[in-house]
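A.B. asks: No letters, just coordinates:
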């Protein structure tokens, strides 16, 4: 049985891996999340996913483990929306996606430690948000939910009430697309 490391402290990603039948040890990667090309969301998520996985790989704490999984998720409108640090940033993000379609993109890096094999890919999902009233936006940003999530929301949380529809992987919007990850893992088994 393979032993996995998730290069993240995300409780959502740990939960998703468990749902996929994968027990992983969480080892947060201590990196600076600087995108290589401003507003190129695909390059950004793939670069950051690999950077996180490589930080663990190069850190030397991998003895006894077989696979490292790194992941990074962003919301993209006409620019990359990261995680809001303030109430104003959360307001601006939610206001910018209200009544519109945006892309959620997740980069995934998988490293087979013993064979030194590295795979990097990404998954995109289009998410359509209902028109939100001013009071709905304010009510939402007064919860704890927006502040540690890309784009300021969690589709599986309170914000799910404002999602009109989506096209693509639901688990991608949660931060780790199941089908894409499983295909990547199958390719190295």
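C.D. replies: Arrived safely, thanks for sending. Predicted, not measured: the structure shown is a model, and the values here were computed from it.

A.B. asks: separation between the residue of the chain positioned farthest from its centre and residue 160?
C.D. replies: Using C-alpha atoms, centre = their mean, the residue of the chain lying farthest from its centre is residue 135. It sits 27.9 Å away. Separation of residue 135 from residue 160 (C-beta to C-beta, to the nearest Å): 18 Å. Quick note: C-beta positions are derived from backbone N, CA and C, even for glycine.

A.B. asks: Same question for residue 186.
C.D. replies: 30 Å.

A.B. asks: now do residue 10
C.D. replies: Distance from residue 10 to residue 160, by C-beta to C-beta: 18 Å.

A.B. asks: which one of these two has more residues nearby?
C.D. replies: Using other C-beta atoms under 10 Å as the criterion, residue 10 and residue 160 rank with residue 10 on top: 20 against 11.

A.B. asks: Now do the phi/psi pair for that one.
C.D. replies: phi -60, psi 120 (degrees, to the nearest 10).

A.B. asks: The one 10 residues further on now?
C.D. replies: Backbone geometry at residue 20, expressed as degrees, to the nearest 10, gives phi -90, psi 0.

A.B. asks: residue contacts, it?
C.D. replies: If you count contacts by C-beta atoms under 8 Å, 6 or more residues apart in numbering, residue 20 has them with 178, 181, 182.

A.B. asks: and the last one, which of the three is it?
C.D. replies: When the structure is reduced to helix, strand and coil (DSSP: H, G, I helix; E, B strand; the rest coil), residue 182 reads as helix.

A.B. asks: check contacts around it.
C.D. replies: Per C-beta under 8 Å, 6+ apart, neighbours of residue 182: residue 20.

A.B. asks: Can you check what pLDDT the model gives it?
C.D. replies: Listed pLDDT for residue 182 reads 95.

A.B. asks: residue ranges of the helices in this protein, please?
C.D. replies: 11-19, 41-59, 87-97, 134-141, 170-174, 178-188 (DSSP state H).
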